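>>> next input, structure requested:
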Amino acid sequence: MKLTLRQMEIFLNVVREGHLTNVAKQMGLSQSAISMSIKELENILGSPLFDRINKKLILNEMGRSFEQEIGPIIKKLNDIEYEFKNSVNKGMVRVGASTTIVDYLMPPIICSYMNNYPDVKVSLKEGNTQRVVELLKDGQIDVGFIEGVVNDPEIIKEVIGVDELVVVTTDTSLSTPCFIDTLQDRKWVLREEGSGTRDVFLDYVKDKVDHINIFLELGHTESIKSLLMNHQCLTCISKIAVEKEIQNQKLVHVPLKNFECKRDFLMIYHKDKYHSELFEKFLYFTKSMINEMLEGVN
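This is a model prediction of the structure:
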């Protein structure tokens with residue numbers, strides 16, 4: 001048999017009050033239950049903690065030593081309980097996000113959040129949509145932010161914004177309006193399989209083209225942008241990711257006819273996730289900032 005927190009609490013209350021009757025009333029237990037708990041504690045420790053003199057419990061040498069050992073432990077546990085019950089602005093939130101959101105949305109959001117809540121730590125893991133869903137189901141993150149499609153009965157999803165996908169290149173000859181099927185045989189650079197950007201784009205154009213000539217697959221948006229700067233390939237990418245390059249005329253936004261490819265940014269969490277006040281505050285803060293940032297782009 002091992003020591004229990006309840007036994008230690010009863011012991012300290014008996015030491016403090018000096019009478020079993022008072023302790024029993026205070027803790028809502030019978031006097032016999034208090035007495036039995038003390039006897040069990042002494043049996044576990046292998047030594048009496050009280051001298052029983054004239055029907056009174058007098059703390060002995062072993063009892064005083066035991067009190068000195070467990071007193072700080074119980075105090076610390078009570079302090080922890082009080083702190084958690086009375087503070088919603090301390091703790092850690094574990095976040096997972098897909099590449100576009102990590103690169104262009106999450107850094108300023110997390111920085112702003114931690115400035116407002118300095119006692120809350122935020123950890124961030126990056127992956128494509130498929131990977132973020134896996135992390136969530138494995139319990140490695142508390143909440144995910146993705147731009148892909150997820151259909152899983154264990155996952156709760158909430159639309160928190162709309163993202164526009166655009167086709168860009170460095171080929172200035174493509175600055176005049178055209179249909180996307182006229183570009184299907186050109187060299188395209190897309191994200192890897194499992195990427196939300198790739199899945200949404202290919203699903204959108206499947207009825208508009210016979211095929212897409214995927215010349216190269218890369219695992220990161222910035223890698224694709226870097227490649228485009230040196231080769232006249234095409235890609236479909238979040239407008240957020242290339243807004244500055246289009247404005248600075250480093251990339252050409254191809255004006256496609258009959259092409260309006262949009263997708264939802266989703267916030268996801270497990271259906272069994274406990275919603276603490278800290279968790280709810282983080283969700284509200286993040287959703288509000290993402291909406292503001294997307295309004296500036298769209």
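>>> okay, CA-based contacts and neighbour counts for the rest of this
Will do.
>>> distance of Leu29 from Met36?
11 Å (Cα to Cα, to the nearest Å).
>>> mind listing the strands for the stretch 51-200 of the chain?
56-59, 91-97, 120-126, 143-146, 155-169, 188-191 (DSSP state E, counting those that start in this stretch).
>>> Three-state assignment for Lys2, please.
coil (DSSP: H, G, I helix; E, B strand; the rest coil).
>>> what count of nearby residues applies to it?
Using other Cα atoms under 10 Å, Lys2 has 8 neighbouring residues.
>>> was I right to think it contacts Ile44?
Yes. With contacts counted by Cα atoms under 8 Å, Lys2 reaches Ile44, the gap being 6.9 Å.
>>> mutual contacts of these two, please.
Residues touching both Lys2 and Ile44 (Cα atoms under 8 Å, 6 or more residues apart in numbering): none.
>>> ok, which stretches of the stretch 1-150 of the chain are helices?
Per DSSP state H, counting those that start in this stretch, the stretch 1-150 of the chain carries helices over the ranges 5-17, 20-27, 31-45, 61-86, 99-104, 106-116, 129-137.
>>> what does the shortest one contact?
By Cα under 8 Å, 6+ apart, the list of residues contacting helix 99-104 from outside reads Glu126, Gly127, Asn128, Phe145, Ile146, Glu147, His220, Thr221, Ser238, Ile240, Ala241.
>>> from the chain's centroid, how far away is it?
15 Å (Cα atoms, centre = their mean, to the nearest Å).
>>> cool, stretch 182-200 as well?
With Cα atoms, centre = their mean, you get 28 Å for stretch 182-200.
>>> for that stretch, give the mean pLDDT please.
Averaged over stretch 182-200, pLDDT sits at 93.
>>> got the buried residues for it?
Neighbour-count burial for stretch 182-200, counted by 16 or more other Cα atoms under 10 Å, picks out 183-184, 187-192, 194-200.
>>> quick check, nearest of these to Asp210?
Looking at these and their distance to Asp210, the nearest is Gln184, at 7.6 Å (Cα to Cα).
>>> quick check, that closest one in contact with Lys208.
No. Using Cα under 8 Å, Gln184 makes no contact with Lys208, being 9.6 Å away.
>>> list the contacts of the residue nearest to Tyr117 when sequence neighbours are not counted.
Leaving out its chain neighbours, the residue that sits closest to Tyr117 by Cα to Cα, 6 or more residues apart in numbering is Asn89, at 6.3 Å. The neighbours of Asn89, taking Cα under 8 Å, 6+ apart as the test, are Tyr117, Asp119, Val120, Leu278.
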